[in-house]
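A.B. asks: Fold the stuff below for me.
(chains A and B)
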2 protein chains.
Amino acid sequence: MDAVIAAARAFLGDRLSTAQAIREQHSRGEDQTAPTLPDAVAYVETTEEVSRILALCNQHGVPLVAFGAGTSLEGHVNPVRRGISLDLSRMTSILEVNAEDMDCLIEPGVTRQQLNDYLRDQGMFFPVDPGSVCTIGGMCATRASGTNAVRYGTIRENVLGLEVVLADGRVIQTGGRSRKAANGYDLTRLFIGSEGTLGIITRVRLRLHGIPEAQSAAVCQFPDLAAAVNTTIVTMQSGIPVARIELLDADQMRACIRYSKLEGYRATPTLFLEFHGTEAGVREQAEAVEAIALDHGGEGFAWATDAEARSRLWKARHDAYWAAVNLIPGHRGITTDVCVPISRLAEAIVGAKADADALGQTTCIVGHVGDGNFHQVILFDPNDPAALERAWELDRKIVARGLALGGTCSGEHGVGLGKREFLEQEHGAEALALMRTIKSGFDPKGILNPGKIFRN
Amino acid sequence: MDAVIAAARAFLGDRLSTAQAIREQHSRGEDQTAPTLPDAVAYVETTEEVSRILALCNQHGVPLVAFGAGTSLEGHVNPVRRGISLDLSRMTSILEVNAEDMDCLIEPGVTRQQLNDYLRDQGMFFPVDPGSVCTIGGMCATRASGTNAVRYGTIRENVLGLEVVLADGRVIQTGGRSRKAANGYDLTRLFIGSEGTLGIITRVRLRLHGIPEAQSAAVCQFPDLAAAVNTTIVTMQSGIPVARIELLDADQMRACIRYSKLEGYRATPTLFLEFHGTEAGVREQAEAVEAIALDHGGEGFAWATDAEARSRLWKARHDAYWAAVNLIPGHRGITTDVCVPISRLAEAIVGAKADADALGQTTCIVGHVGDGNFHQVILFDPNDPAALERAWELDRKIVARGLALGGTCSGEHGVGLGKREFLEQEHGAEALALMRTIKSGFDPKGILNPGKIFRN
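C.D. replies: Now for the predicted structure:
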């Protein structure tokens, strides 16, 4: 370790830090894992620096964990075996924007907000929107998605190619600029969702989208949870290309009304909707969804027509996690990430809420329900030693129900530390063994984010 | 080899054939590679049979090549190192259709035509449409796409999960039924496009789509090639969600008019278009594209409004390859598969046609131009020993131009034997080495379709 620190300091100077405060900032994400301090934090600025550090770590068998904005909810950035925390948040260049092909090339520390601010004047946007202020490199590493995925796909469908530094420092390019290719193994998709265990992403080529001619947002409130979920199911089954369809349950609405000062809404199950298209298309979509909602007892749409009202609405949605954990002063939250086939969504959500209620556990549900994905924030008192364990017990129960319904333990947050225990059940022992085969081929010394995805 | 044949015959009976005629049928696809006869052909009917044969082949180091409909254009099914040709074309069961989640589970020998005939009454369809009567297992293995990919994505975006038999006979399940997941490495995407070199696909779970409320098709003819291509470019850049936008150059139109008895059209560069959506949406899209076409000198749309006229049009499009090779009696064709960023498409196509014309080589261009992908069928006289070599020379020139424009050697046909020589230039030596790392981890004895993708 000392040799790596000395050698890295030689070319990074004071961008290689062993200061206690810096190490503490890199000891975990927004998760509830027990923090681990890395031995050092390396603030890299170029691919070459990443390559040199990886070569060093590989030579000396020192673990290395990539760090972006630190917003992981599953322990990805916790350096459980110490070593180097590789901070890529200063690699924020937007290197190319090709308007005529609607693609761009960026460094991994660029956030979606930064990119969208940059693109706005050119009539384009990058749709993948996990809500938090996260880096796009981190989104690639965790296979993130968010509110727009129901219409525009997840990060997986919006990455054309990557530059990746391998464990031994070699640099490769994956993918390309054409919209499709049948030219060998899909390395791009293999690195997306690999959570820093196969290589370090140093550049990303993204697909962009034209800002739609018309956008409108609406809020629809329902008498009960099942009515809101069933409205979603029928909307999706009707093939209506909603841009966003987000569920907030009564507790989550209560939290958001208080935290985000949302006025004019009641604390009942609610759908936040957005429609993109031509003027006529947006109207057509909205009318179709409103009719479905009315059929299910929905109260009709409250429109957020101007850009400011829309932005306030989505800001409240994006702050839902913070609203939830602030519902009970001093409490913290863990959050589930179950995703099920759309037809099973009512069972999954209504059942999960009933499980929580039966245990007297306060939870807030917020969901990308068009994808069958929902998050249940389980609140717990950090001063009660048993409370976190009870929260995890409920989490396991919710995941077990999701798996039994044909779903997955993680729709978008990734495996990290928190979801490792479910992978064997979800994939089977042989498929998991095959993932380990890939891991050991790519990273024979096991230096890249050890302890994540796999339990061992 | 004898041991494998004897052991396989014990459980396959006469479904293990060493008959000369059967072996000849499995000696290559629709490509122009020199045929190689496998030692035996195994007509498998179950995953368990596939597993037993792979275990046998792996134990004895015998090569094995999967065979579906035999429509490969790149030599994928040519058993260049002999061994077993594993014929999956009898595995044609449609095991599940879930209308409420729009997914289905099928065996790999199901063709898209079979599946769409089965689905029609349920208001759903499977969009990926490479034209030929190919199996869906083969489409997965080669990362196929086709005419609808511009709207619905390639096979990559339409597969939820796979069952795969690994080289040593182990059976794994990949993916799942939820629309998205962040639950470990993306094994599904790794097998898609792996061309039978990493495992044998025995089941496929597909995403389905609702048959759109309205569909219309149109034909638009242009004074020259650039006008037709530029119409495509502007259409795509405008974000109009065309369902199909297919280019046929003057020679290809000449061929199709003759072969498919297409009446009322002239042999000039032509776009075949299709629009899907609501009645209003389809009208809106068509009006927008027609205006762009008129701007570029297009002659306005000839509509194919009823289902029969539409089907005749797309039948002609799908027969384009056969129309091309029949343009000169006794000739055969090889076909390029370049795909470039949409902004470079005019340079790629107009340049490729000029290259052919300068060499006095007859070629027909047909393209999925909305994706930046086109096929140039290069005709050659099989009785002239130098003619095939000249055709390959032109092919290399067209690919080199595509790569220089930021494109790929293969948009959808795959690598097989024919495109191996371009991969190092396209991916770089290190990325290609990483693909080999995967290959050797998955198939340490090298029994799975040896000689494909990689030269060695």
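
A.B. asks: Chain B versus A:F301, what's the distance?
C.D. replies: Using Cβ to the nearest Cβ, to the nearest Å, we find A:F301 at a distance of 19 Å from chain B. The C-beta positions use only the backbone N, C-alpha and C, and glycine is treated the same way.

A.B. asks: whoops, A:L206 was the one
C.D. replies: 13 Å.

A.B. asks: Please give the number of neighbouring residues around A:E299.
C.D. replies: 15 (other Cβ atoms under 10 Å in any protein chain shown).

A.B. asks: My guess is it contacts A:V219. True?
C.D. replies: No - the pair A:E299 / A:V219 is not scored as a contact, 9.5 Å apart, by Cβ atoms under 8 Å.

A.B. asks: Enumerate the residues of the stretch 1-150 of chain A near chain B.
C.D. replies: A:N98, A:E100, A:D101, A:M102, A:D103, A:T142, A:R143, A:A144, A:S145, A:A149 (Cβ under 8 Å from any Cβ of the partner chain).

A.B. asks: Of these, select the buried ones using a PyMOL command.
C.D. replies: Filtering the residues of the stretch 1-150 of chain A next to chain B down to the buried ones (16 or more other Cβ atoms under 10 Å in any protein chain shown) takes a single PyMOL command:
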select buried, chain A and resi 98+101+102+103+142+143+144+145+149
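
A.B. asks: quick one: which of the residues of the stretch 1-150 of chain A next to chain B sit in helices?
C.D. replies: Counting by DSSP state H, the residues of the stretch 1-150 of chain A next to chain B place A:T142, A:A149 in helices.

A.B. asks: In TSV, list the residues of the stretch 1-150 of chain A next to chain B along with pLDDT.
C.D. replies: TSV is the format used below for the residues of the stretch 1-150 of chain A next to chain B (pLDDT from 0 to 100):
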residue	pLDDT
A:N98	96
A:E100	92
A:D101	94
A:M102	95
A:D103	97
A:T142	98
A:R143	98
A:A144	97
A:S145	97
A:A149	96
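
A.B. asks: ok, which pair from the residues of the stretch 1-150 of chain A next to chain B is furthest apart?
C.D. replies: Farthest pair in the residues of the stretch 1-150 of chain A next to chain B (Cβ to Cβ) is A:E100 and A:T142. Separation: 30.6 Å.

A.B. asks: Please name the nearest non-neighbouring residue to A:G406.
C.D. replies: Among residues not flanking A:G406 along the chain, B:R177 sits closest, at 4.4 Å (Cβ to Cβ, 6 or more residues apart in numbering or on different chains).

A.B. asks: What is the burial count for A:L388?
C.D. replies: 16.

A.B. asks: again, but for the one 4 residues further on
C.D. replies: Residue neighbour count, defined by other Cβ under 10 Å, stands at 16 for A:W392.

A.B. asks: elements contacting the one helix or strand it maps to?
C.D. replies: Taking DSSP states H and E as the definition, A:W392 sits inside helix A:385-404. For helix A:385-404, the packing partners by 3 or more Cβ pairs under 8 Å, 6 or more residues apart in numbering or on different chains; DSSP states H and E come out as strand A:332-335, helix A:345-358, strand A:373-380, helix A:420-427.

A.B. asks: Highest mean neighbour count out of those?
C.D. replies: Counting by mean count of other Cβ atoms under 10 Å in any protein chain shown, strand A:373-380 has the highest mean neighbour count of the helices and strands packed on helix A:385-404, with a mean of 27.

A.B. asks: is that strand up against chain B anywhere?
C.D. replies: Yes - applying Cβ under 8 Å from any Cβ, one finds strand A:373-380 in contact with chain B at A:N373.

A.B. asks: what mean pLDDT does stretch A:301-313 have?
C.D. replies: Averaging pLDDT along stretch A:301-313 yields 87.

A.B. asks: ends of that stretch, how far apart?
C.D. replies: Start-to-end span of stretch A:301-313 (Cα to Cα, to the nearest Å) is 14 Å.

A.B. asks: Present the helices and strands packed on helix A:385-404 as TSV; the columns should include mean pLDDT.
C.D. replies: TSV is the format used below for the helices and strands packed on helix A:385-404 (pLDDT from 0 to 100):
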stretch	mean pLDDT
strand A:332-335	94
helix A:345-358	96
strand A:373-380	97
helix A:420-427	96
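
A.B. asks: Tabulate those in CSV, adding columns for distance to A:G264.
C.D. replies: Converted to CSV, the helices and strands packed on helix A:385-404 look like this (distance: least, Cβ to Cβ, whole Å):
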stretch, distance to A:G264
strand A:332-335, 26
helix A:345-358, 25
strand A:373-380, 24
helix A:420-427, 40
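
A.B. asks: List the contacts of the most centrally placed residue in chain A.
C.D. replies: Most central in chain A under Cα atoms, centre = their mean is A:A144, positioned 3.8 Å from the mean C-alpha point. A:A144 sits next to A:V128, A:P130, A:C134, A:G138, A:T154, A:I155, A:E412, A:G414, B:A182 when contact means Cβ atoms under 8 Å, 6 or more residues apart in numbering or on different chains.

A.B. asks: What is the nearest of those residues to A:Y321?
C.D. replies: Nearest member of these to A:Y321, counting by Cβ to Cβ, is A:P130, at 10.7 Å.

A.B. asks: burial count for the residue nearest to A:G406?
C.D. replies: B:R177: 24 neighbours (other Cβ under 10 Å).

A.B. asks: Assumed it was part of a helix.
C.D. replies: No - counting by DSSP: H, G, I helix; E, B strand; the rest coil, B:R177 is not part of a helix but coil.

A.B. asks: Just confirm it contacts B:V159, I think it does.
C.D. replies: No - B:R177 is beyond contact range of B:V159, at 11.9 Å (criterion: Cβ under 8 Å).

A.B. asks: what do these two both touch?
C.D. replies: Between them, B:R177 and B:V159 share the contacting residues B:R205, judged by Cβ under 8 Å, 6+ apart.

A.B. asks: which other residues reach stretch A:275-289?
C.D. replies: With Cβ under 8 Å, 6+ apart, stretch A:275-289 has contacts from A:151, A:212-218, A:231, A:235, A:238, A:240-243, A:245, A:273, A:301, B:278, B:280-281, B:284.

A.B. asks: in it, what counts as buried?
C.D. replies: By 16+ other Cβ under 10 Å, the buried positions in stretch A:275-289 come out as A:F275, A:H276, A:G277, A:T278, A:G281, A:V282, A:E284, A:Q285, A:A286, A:A288, A:V289.

A.B. asks: Tell me the spatial nearest neighbour of A:L313, not counting adjacent residues.
C.D. replies: Nearest one to A:L313, counting by Cβ to Cβ, 6+ apart, is A:A304 at 4.9 Å.

A.B. asks: starting at the chain centroid, how far to the one helix or strand A:V282 maps to?
C.D. replies: Assigned by DSSP H and E, A:V282 belongs to helix A:279-295. Taking Cα atoms, centre = their mean, to the nearest Å, one finds the center of helix A:279-295 at 29 Å from the center of the full chain.

A.B. asks: what mean pLDDT does it have?
C.D. replies: 94.

A.B. asks: before we move on, what about stretch A:110-123?
C.D. replies: In the prediction, stretch A:110-123 has an average pLDDT of 95.

A.B. asks: what sits up against that stretch?
C.D. replies: So stretch A:110-123 is in contact with A:69, A:91-94, A:97, A:99, A:104, A:106, A:125-126, A:128-130, A:133-137, A:139, A:206, A:208, A:210-211, going by Cβ under 8 Å, 6+ apart.

A.B. asks: can you check stretch A:442-449 too?
C.D. replies: In contact with stretch A:442-449 (Cβ under 8 Å, 6+ apart) are residues A:54, A:57-58, A:61-66, A:76, A:83, A:166-167, A:195-200, A:439-440, B:434, B:437.
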